[in-house]
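Participant: got a predicted structure here, sequence first:
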Amino acid sequence: MYTLAVCAEMVFRDLPIHERARRLHEAGFQVEIWDWTRHDLDALTRTPAEFSSMTGYIRGSLTDEAGAAELLRTAEESVKAADQLGCPRLNLHGTGLNSEGLPVVPVRGEPTGPMWVAAHRTLTRLAELGESAGVTFTLENLNSAVDHPGVPFATAADTLALVKAVDRPGLRMNLDLYHAQIGEGNLIELVRKAHRLGLIGEIQVADVPGRQEPGTGEINYPAIARALADIGYDGTVAMEAWASDDDSERALDRFRTAFTVRPRT
């Protein structure tokens, strides 16, 4: 079966990040963080938490030469931080995001042919970096309609196409079902396709609308959990969601319940 993880950035927000990590570990979850440069890595290392994913770059972009150089440079720094935390996956986006989740350098319209070529070249180099360091970079799909307008390669289809084109073990897809529901829908078939191709690095979840825990919106997460069990997915499912009414304990319970699959009778 799959492993459950929770993004510490979005729950227990009245606590320091290392205390959030400790609480999540005690509740039986692995831990994910975002920008590691904002945190005390020594304090996080001293917790018993098992870190499953973190942001894999600080600045940069996949779409142009200068942005790619900066992304690669800061990815090397992120690999060192991941080694300190024992974190196996480093997450990427089509371009750097600001504190509000908006692209630092937005793209108007669809990515051009040269942007696709640049992204493929940069992701190949990142995959090589990951393989040499023993970590996996994951490229996350985002939605451009609500949260991240102007991000290139935002859709699950684009993300999947890039990861498939690179075709190296150091690069996989971070399949975010919250973003995919807003952008494309048809989530179970999307999961089946990505799994069949062997390209899923991890799966992230939140409900729509509101980006809160499973059970607060329109997505039938128990059905998705059953589909994951049926196809034999044994990776990580991570809740990257705000706790509704700021009740983190209830959010964790709802997440666990949604992804607890009972044997068929």
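Facilitator: Cool, the structure landed. As the structure is a prediction and not an experimental result, all values here were calculated from the model.

Participant: phi, psi of the residue most central in space within the chain?
Facilitator: Taking CA atoms, centre = their mean as the criterion, Asn174 is the residue nearest the geometric centre of the chain, at 4.7 Å. Dihedral angles of Asn174 (phi, psi; degrees, to the nearest 10) stand at phi -90, psi 100.

Participant: who does it bridge with?
Facilitator: Here Asn174 shows beta-bridge partners Glu140, Glu202, assigned using DSSP bridges.

Participant: can I assume it is in contact with Leu142?
Facilitator: No - with contact defined as CB atoms under 8 Å, Asn174 and Leu142 do not form a contacting pair (9.9 Å). C-betas here are computed from N, CA, C, even on glycine.

Participant: could I get the contacting residues of Ala75?
Facilitator: The neighbours of Ala75, taking CB atoms under 8 Å, 6 or more residues apart in numbering as the test, are Gly56, Tyr57, Gly60, Leu90, Leu92, Leu126, Leu129, Phe137.

Participant: out of those, who has the most neighbours?
Facilitator: Gly56 (30 neighbours; other CB atoms under 10 Å).

Participant: does that one touch Leu90 like I think?
Facilitator: Yes - with contacts defined as CB under 8 Å, Gly56 counts as touching Leu90 at a distance of 2.7 Å.

Participant: overlap of the contact sets of those two?
Facilitator: Ala75, Ser78, Val79, Ala82, Phe137, Thr138.

Participant: got phi/psi on the second one?
Facilitator: Think Ser78. Backbone geometry at Ser78, expressed as degrees, to the nearest 10, gives phi -70, psi -40.

Participant: ok, it to Asp64 distance?
Facilitator: Ser78 sits 20 Å away from Asp64, going by CB to CB, to the nearest Å.

Participant: next one: Ala258
Facilitator: According to CB to CB, Ala258 and Asp64 sit 40 Å apart.

Participant: check Ala157 too.
Facilitator: Using CB to CB, Ala157 is found at 22 Å from Asp64.

Participant: and those two? Which one has more around it.
Facilitator: Relative neighbour count places Asp64 above the other of Ala157 and Asp64, with 18 against 15, counting by other CB under 10 Å.
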